[in-house]
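Trainee: need the 3D shape of this:
(2 chains)
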Amino acid sequence: MNRSIRTLTLALMASAALAGCAKKAPKSLPPDPVAASSTAADTGMNPAGAAVPGSQADFVAVTQGADTIYFDTDKFDIDSADAASLQTQAQWLQRYPAKRATLEGHADERGTRDYNLALGEKRANAAKNYLVSLGVDAARLGVISYGKERPIALGSDEAAWAKNRRAVTVTVD
Amino acid sequence: MIARLALLALLLAAMPAAAQTPTSAPTPTPMPTGEAGGLSGSVSDESEWQDLGIAIPGFATDAEVATGANSAGTGALGVSLARVITDDLKNNGLFKPVGPDALPRPGYAQITAPDFAVWSGRSAEMLVHGYVRANPDGQLTVGCYLYDVALHQQLAKAGWVVGAGDWRRAAHKCADLVYSRLSGESPFFDSRIAYIAETGPKDHRVKRLAVMDSDGANHRFLTGGQALALSPRYSPDYGSLLYLSYVSGNPRIYAYDLATSQQRLITQSRNPTFAPRWSPDGRWVLYSMAVGGNTDIYRVSARGGGESQRLTDGPGIDVGGSYSPDGSKIVFESDRSGSQQVYVMDADGANQHRISFFGGRAATPEWSPRGDQIAFTHIAGNLRIAVMSPAGGALRYLTDTWQDEAPTWSPNGRIVQFFRTTKGTGHTAIWQVDLTGRNERRLPTPVDASDPAWGPVRP
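Mentor: Got it, this is the predicted structure:
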């Protein structure tokens, strides 16, 4: 734990030092309005809309955005922010040991098609391996790459691309 | 090369000093000269033959007969044939053809004995004549003749028997005859293109496998769009297509049989497979497969059932691959050095070495059918189509926009097709450009289009 806090601190220091060339844009971006409203609906603010415990809706509500981790251009490494998100995911998965999940790997539009398929695969596997290292049974986790075929942010700018370089964990209902 | 130059010298000597465009042609416009800087000596056709005026009047017929090719008879079909030839030569920036709608039509007897006075009076330097005959069995016989008007000389002739539904092929063959005879290059019009037809919003594009002739005619969708389809490749004999489909959930390569519309997996492995390619002889399939996140290039028999052979084994992403025309080497991309770069290896995976050493990333290499060039996507901010020698020298850009990728060669290695993505909207279209960097143009497709794969000249 100490180590991970230190890593986080280091990461923060590094990002402060590199201010102006922010690489991990998503964490500093305003929340996506659509995602924000759907999260609010699922968090149980509205009792009628509360998610069934152990469902994908519940996973989304509990992880509060931590179902997705983000990557730098051409990179697939898990940094401290990703590790924290995957911790949250692993806790949920351990609470519901019968649940399976698919890790979907994505790339931004500024790369060639075949390479991005390979890169998405690599990112999804990086996320999977980290979850396995946290004690989630590998047999519960599937992997699929969409390359650049399924962007979530539709712009053609660095902010959009940063949101699209991602691995999303989707639990199987 | 020497023979070609001799031919050109002959043609040039025969031409009037101040060549006029045919009188019936629109106002002459200068050829586009926007060359993409730094043309190397390896490009063979900088010259004036593209300015040749060619008259292509309607093809004659011996008897007006109804055909299965059109609702009108052979007479109307003769005009259609000449239009297709004119469009082939004009749309590719080759020559300055004048088509049948602006020209008098020769009679059947004149096809082999042209009235040269008529054509020299119109300042045509070259003349294409032809005929179409309906055969009793429903097939068509099409004849094609190329004449030098000043010399009163026949330069080439050929004839084909085609099914009524294949009448456009006869026109493409005639255009190929004219092009080859005048330029010295190999033919390419009688060929087809496989590509991915795209519709729908940017975050949920519907992508369908589609095919068309080299001029966009005879367009057909092969898949319905329920499953995402990507990266098709025609087999050298046009009997089947390799392509990627998400139909089973994961991306996997299928061989689609064009005669039966049946498809099969090229490998039973449950790992994702992508980036399919054929060997030039059609016996091997190259593919990339991700195992535990690590992507390598494999080879398997195209007939199916055989063991796959792994050709690369580095920890990075090794992907794609394109055979040299003789099948002895494979050019591919790898990020083993830290970013996408182009490498060459022997067909069995031996002697892997990097050939791209110029800033930025280099991806999607495709070996020219002539063997002398490798087209690829250069990524340095924008994505651009470029060519280099197989040794990695003589880098030359062919395009310069926001995002062009995935080059594919015309069968004769003279034209590079690719697809262009529009910033923001994500709209895609197939474009092509000459090896000289000239004649950049968009191909007509019914909807957005990507991942073009130009097949060889049809058997």
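
Trainee: next, count neighbours for the residue of the stretch 201-350 of chain B found nearest chain A.
Mentor: The nearest approach of the stretch 201-350 of chain B to chain A comes at B:G293, 3.0 Å away (Cβ to the nearest Cβ). The C-beta positions use only the backbone N, C-alpha and C, and glycine is treated the same way. By other Cβ atoms under 10 Å in any protein chain shown, 23 other residues sit near B:G293.

Trainee: state the distance from it to B:R264.
Mentor: Between B:G293 and B:R264 the computed distance is 26 Å (Cβ to Cβ, to the nearest Å).

Trainee: now swap in B:E185 and tell me
Mentor: Between B:E185 and B:R264 the distance is 37 Å, computed by Cβ to Cβ.

Trainee: and if you look at A:Q56?
Mentor: Counting by Cβ to Cβ, the separation of A:Q56 from B:R264 is 34 Å.

Trainee: more crowded one of those two?
Mentor: Under the neighbour definition other Cβ under 10 Å, A:Q56 and B:R264 were set side by side, and A:Q56 has more, 17 against 11.

Trainee: hang on, that one packs against A:T102?
Mentor: No. The pair A:Q56 and A:T102 fails to qualify as a contact (Cβ atoms under 8 Å) at a distance of 10.4 Å.

Trainee: need the residues touching each of the two.
Mentor: Listed contacts common to A:Q56 and A:T102 are A:V170, A:V172; contacts here mean Cβ atoms under 8 Å, 6 or more residues apart in numbering or on different chains.

Trainee: close to chain B: what parts of chain A are there?
Mentor: Applying Cβ under 8 Å from any Cβ of the partner chain, we find that chain A lies next to chain B at A:74, A:76, A:109-115, A:117-119, A:121-122, A:124-126, A:129, A:143-145, A:147, A:149-152, A:154-156.

Trainee: name the residue of chain A that lies nearest to chain B.
Mentor: Residue nearest to chain B within chain A: A:N125 (3.0 Å; Cβ to the nearest Cβ).

Trainee: tell me how many other residues surround B:T199.
Mentor: With neighbours defined by other Cβ under 10 Å, the count for B:T199 comes to 12.

Trainee: gap between the closest residue to B:A171 other than its chain neighbours and B:P106?
Mentor: Spatial nearest neighbour of B:A171, excluding adjacent residues (Cβ to Cβ, 6 or more residues apart in numbering or on different chains): B:V84 at 3.6 Å. Applying Cβ to Cβ, the value for B:V84 to B:P106 is 18 Å.

Trainee: next: B:G327.
Mentor: As for B:G327, its distance to B:P106 is 46 Å (criterion: Cβ to Cβ).

Trainee: of these two, which one has the most company?
Mentor: Shown here are B:G327 and B:P106; by other Cβ under 10 Å, B:P106 has more neighbours (22 against 13).

Trainee: ok, that one - contacts?
Mentor: With contact taken as Cβ under 8 Å, 6+ apart, B:P106 is in contact with B:P57, B:A60, B:P114, B:D115, B:H129.

Trainee: mind giving me the PyMOL select for those residues, buried ones only?
Mentor: In PyMOL, selecting the buried portion of the contacts of B:P106, with burial taken from 16 or more other Cβ atoms under 10 Å in any protein chain shown, looks like this:
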select buried, chain B and resi 57+60+114+129
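
Trainee: format the contacts of B:P106 as JSON lines; extra columns: secondary structure.
Mentor: As requested, the contacts of B:P106 are arranged in JSON lines below (DSSP: H, G, I helix; E, B strand; the rest coil):
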{"residue": "B:P57", "secondary structure": "coil"}
{"residue": "B:A60", "secondary structure": "strand"}
{"residue": "B:P114", "secondary structure": "coil"}
{"residue": "B:D115", "secondary structure": "coil"}
{"residue": "B:H129", "secondary structure": "strand"}
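
Trainee: pLDDT wise, what is B:T436 at?
Mentor: The predicted structure scores B:T436 at 89 on the pLDDT scale.

Trainee: burial measure for it, as a count.
Mentor: Close neighbours of B:T436, defined as other Cβ under 10 Å, add up to 18.

Trainee: three-state assignment of it?
Mentor: The three-state label given to B:T436 by three-state DSSP is coil.

Trainee: distance of it from B:Y397?
Mentor: If you go by Cβ to Cβ, the gap between B:T436 and B:Y397 works out to 12 Å.

Trainee: if we can go back for a sec, so which of the residues of chain A next to chain B sit within strands?
Mentor: The members of the residues of chain A next to chain B that map onto strands under DSSP state E are A:V143, A:I144, A:S145, A:G147.

Trainee: show me where the stretch 351-459 of chain B has strands.
Mentor: With DSSP state E, counting those that start in this stretch, the ranges of strands along the stretch 351-459 of chain B come out as B:353-354, B:361-367, B:374-380, B:382-388, B:396-397, B:404-409, B:415-421, B:428-434, B:441-442, B:448-457.

Trainee: which helices and strands sit right next to the fifth one?
Mentor: For strand B:396-397, the contact count by 3 or more Cβ pairs under 8 Å, 6 or more residues apart in numbering or on different chains; DSSP states H and E identifies strand B:382-388 as packing neighbours.

Trainee: so which elements touch the strand it packs on?
Mentor: Other helices and strands packing on strand B:382-388, by 3+ Cβ pairs under 8 Å, 6+ apart, are strand B:374-380, strand B:396-397, strand B:404-409, strand B:415-421.

Trainee: and the first one, how far out from the chain's middle?
Mentor: Taking Cα atoms, centre = their mean, to the nearest Å, the mean C-alpha location of strand B:374-380 is offset from the chain mean by 18 Å.

Trainee: list the contacts of it.
Mentor: Counting contacts by Cβ under 8 Å, 6+ apart, the residues outside strand B:374-380 that touch it are A:110-112, B:322, B:331, B:333, B:340, B:342, B:355-356, B:359-368, B:383-390, B:395, B:397-398, B:404-409, B:416, B:418.

Trainee: how many other residues sit next to B:G316?
Mentor: Neighbourhood size, B:G316 [other Cβ under 10 Å]: 18.

Trainee: how about it, what does it touch?
Mentor: With contacts taken as Cβ under 8 Å, 6+ apart, B:G316 has the following neighbours: B:S334, B:D335, B:R336.

Trainee: how about the helices in chain A?
Mentor: Assigned by DSSP state H, chain A shows helices spanning A:2-17, A:25-28, A:33-42, A:56-63, A:80-95, A:113-133, A:158-164.

Trainee: return the set of buried residues in stretch B:254-270.
Mentor: When burial is assessed from 16+ other Cβ under 10 Å, stretch B:254-270 yields the following buried residues: B:Y254, B:A255, B:Y256, B:L258, B:Q263, B:I266, B:T267.

Trainee: need the max-distance pair from those residues.
Mentor: Using Cβ to Cβ, the buried residues of stretch B:254-270 reach their maximum pairwise distance at B:L258 and B:T267, which is 20.6 Å.

Trainee: which residue ranges form the strands in the stretch 151-300 of chain B?
Mentor: Going by DSSP E, counting those that start in this stretch, the stretch 151-300 of chain B shows strands at B:153-162, B:191-199, B:206-213, B:220-221, B:229-234, B:240-248, B:250-257, B:263-265, B:273-278, B:284-291, B:294-301.

Trainee: my error: substitute the stretch 1-150 of chain B in the last question.
Mentor: Under the criterion DSSP E, counting those that start in this stretch, the stretch 1-150 of chain B carries strands at the ranges B:53-55, B:96-98, B:126-134, B:140-148.

Trainee: residues touching the closest residue to B:T86 other than its chain neighbours, list them.
Mentor: Nearest residue to B:T86 in three dimensions, chain neighbours excluded: B:G99, at 3.4 Å (Cβ to Cβ, 6+ apart). B:G99 makes contacts with B:I56, B:A82, B:R83, B:T86, B:D87, B:K90, as judged by Cβ under 8 Å, 6+ apart.

Trainee: with adjacent residues omitted, what lies nearest to B:Y195?
Mentor: The shortest distance from B:Y195 to any non-neighbouring residue, by Cβ to Cβ, 6+ apart, is to B:P452 (4.5 Å).

Trainee: number of nearby residues for that neighbour?
Mentor: The burial metric for B:P452, expressed as a neighbour count using other Cβ under 10 Å, is 24.
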